[in-house]
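[1] coordinates only, sequence not included:
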Ligand SMILES: [Mg+2]
């Protein structure tokens, strides 16, 4: 099973999104519940493309998961997310805890789904912070928090999820 470990702040929202909203005095988002107003629908479209072409499922690694998986689902689905949010990573709640450790723990806890953790390569970590583990380096995609998830990122993420192979869309 292919997994996308998804951060949200800096990935599905970004500096340009907030800046443009402010400049254009766009009120569309003003009356939405807090979390709902913090997502750029364009980034969700890009994520949809990644999920559709790879059949990968989402595990939320963002701090948003403290609201619970249903809240995350509601917020993303409100913005027309079409993929599947499978789970959230555990919260290891330590000051020195790297997000990479929480991701590793999830992988180890879910060997029934993804196989032995040391052989699991079909995953991508999308995050604008880089507190991942050294051995996750080939599966980590640093997202630019100024622009969020772009189609360029999606192209790279597809390659990672396909173990480095660039496939035609009809082969995915
Ligand atoms: Mg972030």
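    Structure received. Bear in mind that the values here come from a model prediction, so they are computed numbers and not experimental data. Residues are numbered from 1 along each chain as shown.
[2] distance of the residue of the chain positioned farthest from its centre from residue 41?
    In the chain, counting by Cα atoms, centre = their mean, residue 25 sits farthest out from the average C-alpha position, at 28.1 Å. Residue 25 is 18 Å from residue 41, where distance means Cβ to Cβ, to the nearest Å. Glycine gets a C-beta too; all of them are placed from N, C-alpha and C.
[3] picking that back up, ok, now which ones touch the residue farthest from the centre of the chain?
    Under the criterion of Cβ atoms under 8 Å, 6 or more residues apart in numbering, the contact list for residue 25 is empty.
[4] And for residue 111?
    Counting by Cβ under 8 Å, 6+ apart, residue 111 makes contact with residue 117.
[5] Phi first, then psi, for it.
    phi -60, psi -30 (degrees, to the nearest 10).
[6] So which bits of the longest helix belonging to the chain are buried?
    Counting residues, the longest helix found in the chain (DSSP state H) is helix 41-54. If you call a residue buried by 16 or more other Cβ atoms under 10 Å, then helix 41-54 has these buried ones: 42-51, 53-54.
[7] quick check, nearest of those to residue 143?
    Closest approach between the buried residues of helix 41-54 and residue 143, by Cβ to Cβ: residue 43, at 9.4 Å.
[8] my guess is the closest one contacts residue 11, does it?
    Yes - checked against Cβ atoms under 8 Å, the pair residue 43 and residue 11 is within contact range at 6.9 Å.
[9] Need the residues touching each of these two.
    In contact with both residue 43 and residue 11: 148-149, using Cβ under 8 Å, 6+ apart.
[10] and the gap between residue 13 and residue 106?
    Residue 13 is 23 Å from residue 106, where distance means Cβ to Cβ.
[11] got the residues of the protein near the ion?
    Proximity of the chain to the ion is confined to 7, 9-10, 128 under the rule Cβ under 5 Å from the ion.
[12] 6 Å instead, please
    Within the chain, the residues that sit near the ion (Cβ under 6 Å from the ion) are 7, 9-10, 127-129.
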